[in-house]
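Student: Need coordinates for the below:
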Amino acid sequence: MSAERLVRDLRRRLTAAGLAGSFLVRDLRSGAEIGIEPDLVHPVASLVKVPLAVAVLDRVEDGRLDGATMIDVEPGRVESAGPMGLTKFRHPARIAVDDLLYLSTAVSDNTAADALFDLVPPEEVHRAVREAGISGITVRHRLRELAETPAERFEPEDVHLAHSLAIGAQTPGRGNAVPQLDVSRANSGTARAFADLLEALWTPARIPAGVAARVRSLMAGNVVRHRLAPDFTSDSSAWSSKTGTLLNFRHEVGVVEHEDGGMFAVAALTESRVPAAVQPAAEAVIGETARALHDYLRA
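Tutor: Predicted coordinates:
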């Protein structure tokens, strides 16, 4: 099957599942790649925690920060919503910078991420990404802003209404009446830019080797494994990744390393046209699409 026919068939499957978005799979050994609209800009939600980890660890590496420094996190001081981690703590906690990195990256803890943003503000994270030679990722705000969407204004049984609002609030030029989904106001990026970042982390030249190794380790420990992991994890391959989810947007970027030495960066940034918070069939199609692109390159 030709690449053009494969992409055409995959677009049809995505549309049938109520999905649109961007995919890019890149062979990190040869540089060959295949994708679907890889240069489309998306709000990136928790994917921003990868650039955040790079910026924080760069400062740990050169001594500007100490990974053992203890940070006091008071309930209510860092006001980020999230399904797990410090967000659910009921009492003050004292946590080392190194452990906040684990919680932010591997557990996708928004409160931990904002504690790190207090140390390295968004504009400095943005600068660190640019200094690493990565264009196409824009860091504008902390994670607490993700807790101020229409979803927080509805009871859990009515959360589908928030998704309807998000889908219906889109404007020309990738804008949205929901600020967190407007690419001109939100943290944003493209599938190609995240593939570039993954390449810089797995074949470090532009990012210090020690920093890249730590970020790879954090991504290998990702506990959120329902999206792409089922299609890329096996006894003969390892999957390291970061997910990002906000309202109708479902993303994941990662690298699959095969036992035979094959290594592929995978970036999937998608949005759903279906007003529902839980969509296991859509999650499956995202994984199947990314895997089909990977298998074409690997053949």
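Student: Spatially central residue for the chain, please.
Tutor: Geometric centre of the chain, nearest residue: L47, 2.3 Å, by CA atoms, centre = their mean.
Student: my read is that residue is in a helix, agree?
Tutor: Yes. Under DSSP: H, G, I helix; E, B strand; the rest coil, L47 falls within a helix.
Student: what helix or strand does the residue lying closest to it once chain neighbours are set aside sit in?
Tutor: In space, and not counting its chain neighbours, L47 is closest to G244: 3.9 Å by CB to CB, 6 or more residues apart in numbering. Glycine gets a C-beta too; all of them are placed from N, C-alpha and C. Element membership for G244 (DSSP states H and E) is strand 237-246.
Student: ok so, going back, could you tell me which residues make contact with the residue nearest to L47?
Tutor: 44-48, 250-252, 269 (CB atoms under 8 Å, 6 or more residues apart in numbering).
Student: now do 7 Å
Tutor: 44-47, 251 (CB atoms under 7 Å, 6 or more residues apart in numbering).
Student: separation between D27 and E288?
Tutor: 19 Å (CB to CB, to the nearest Å).
Student: nope, E271 is what I was after
Tutor: 17 Å.
Student: Settle it for me: which of those two has more neighbours?
Tutor: E271 (22 against 17; other CB atoms under 10 Å).
Student: Report the next helix or strand after the helix or strand encompassing that one in sequence order.
Tutor: Here E271, judged by DSSP H and E, is contained in strand 263-272. Downstream of strand 263-272, the next assigned helix or strand under DSSP H and E is helix 280-298.
Student: List the buried residues of that following helix.
Tutor: Buried residues in helix 280-298, counted by 16 or more other CB atoms under 10 Å: 282-283, 285-294, 296-297.
Student: and these as CSV, adding pLDDT and distance to P204?
Tutor: Output for the buried residues of helix 280-298, formatted as CSV (pLDDT from 0 to 100; distance: CB to CB, whole Å):
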residue, pLDDT, distance to P204
A282, 93, 34
E283, 95, 31
V285, 97, 33
I286, 98, 28
G287, 97, 28
E288, 97, 31
T289, 98, 29
A290, 98, 24
R291, 98, 26
A292, 98, 29
L293, 98, 25
H294, 98, 22
Y296, 97, 27
L297, 96, 22
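Student: hey, what's R250 bridged with?
Tutor: T245, T270 (DSSP bridges).
Student: Return the helix or strand in this structure with minimum mean pLDDT.
Tutor: When the helices and strands of the chain are scored by mean pLDDT, DSSP states H and E, helix 159-168 comes last with a mean of 70.
Student: hang on, the earlier thing: quick one: buried ones out of the contacts of G244?
Tutor: Among those, those classed as buried by 16+ other CB under 10 Å are 44-47, 251.
Student: Identify, from those, the entry nearest to A277.
Tutor: A45 (14.0 Å; CB to CB).
Student: what's the spacing between the closest one and A281?
Tutor: Applying CB to CB, the value for A45 to A281 is 21 Å.
Student: quick one on the thing from earlier: separation between the residue nearest to the centre of the chain and D98?
Tutor: From L47 across to D98, the span is 21 Å (CB to CB).
Student: Check G210 too.
Tutor: With distances taken as CB to CB, G210 is found 13 Å from D98.
Student: What ranges in this protein fall below the confidence cut-off?
Tutor: Applying pLDDT under 70 to the chain picks out residues 75-83, 147-158, 160-162, 165-166, 169.
Student: Could I get the CA-only coordinates of stretch 130-141 as PDB?
Tutor: Output in PDB follows, covering the C-alpha atoms of stretch 130-141 (Å, rounded to 0.1, in the frame of the first residue of the first chain):
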ATOM      1  CA  ARG A 130      13.900  27.600  21.800                       C
ATOM      2  CA  GLU A 131      17.500  27.400  22.900                       C
ATOM      3  CA  ALA A 132      17.300  23.700  22.300                       C
ATOM      4  CA  GLY A 133      16.500  24.400  18.700                       C
ATOM      5  CA  ILE A 134      12.900  23.300  18.900                       C
ATOM      6  CA  SER A 135      10.400  25.600  17.100                       C
ATOM      7  CA  GLY A 136       6.600  25.100  17.100                       C
ATOM      8  CA  ILE A 137       6.000  24.700  20.800                       C
ATOM      9  CA  THR A 138       4.800  27.700  22.700                       C
ATOM     10  CA  VAL A 139       4.600  27.800  26.500                       C
ATOM     11  CA  ARG A 140       2.400  30.600  27.800                       C
ATOM     12  CA  HIS A 141       0.800  29.600  31.100                       C
END
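Student: I'm done for today, thanks for sticking with me.
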